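# Turn this into a model:
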Amino acid sequence: MKPSGERRARRKLPARYAAVVMPLTLSVLMTFVVSAIATLKSLGPTQAFIATWPAAWAISWLVAFPTLLAVLPLVRRMVALVVETPKPN
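Here you go, the predicted model:
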């Protein structure tokens, strides 16, 4: 057994996966919040909200994730037009 002070190092994904992990994380979090707000506004805090929201979230995520993958290169170019690139030291 390892002493309590030693922890096993967590393994991380290689950097090449960042282009997929970032939009995946963003799409999960954003659709989670937006679908909850929209469903709550439509149905109110009822049992119907609890029954409906997971399906509403899943459908919104299925649309959002591929959309983010498709538009992210365009968004990066648009941001580059309005944000100054940092100068190397």
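# could you pull out the helices for this structure?
Ranges of helices in the chain, per DSSP state H, are 18-43, 47-82.
# what ranges of the chain fall below the confidence cut-off?
1-6 (pLDDT under 70).
# before we move on, the earlier item: which of the helices of the chain sits most buried?
helix 18-43 (a mean of 14; mean count of other CB atoms under 10 Å). To be clear about C-beta, it is placed using only N, CA and C from the backbone, and glycine gets the same treatment.
# Compute the inter-axis angle for it and helix 47-82.
140 degrees (axes from the mean of the first three to the mean of the last three CA atoms, to 10 degrees).
# quick one on the thing from earlier: what about the helices of the chain, which gets the closest to residue 9?
Of all the helices of the chain, helix 18-43 sits nearest to residue 9, with 19.1 Å by CB to CB.
# Tell me how far that closest one lies from the chain's centre.
Computed by CA atoms, centre = their mean, to the nearest Å, the chain-centroid distance of helix 18-43 equals 7 Å.
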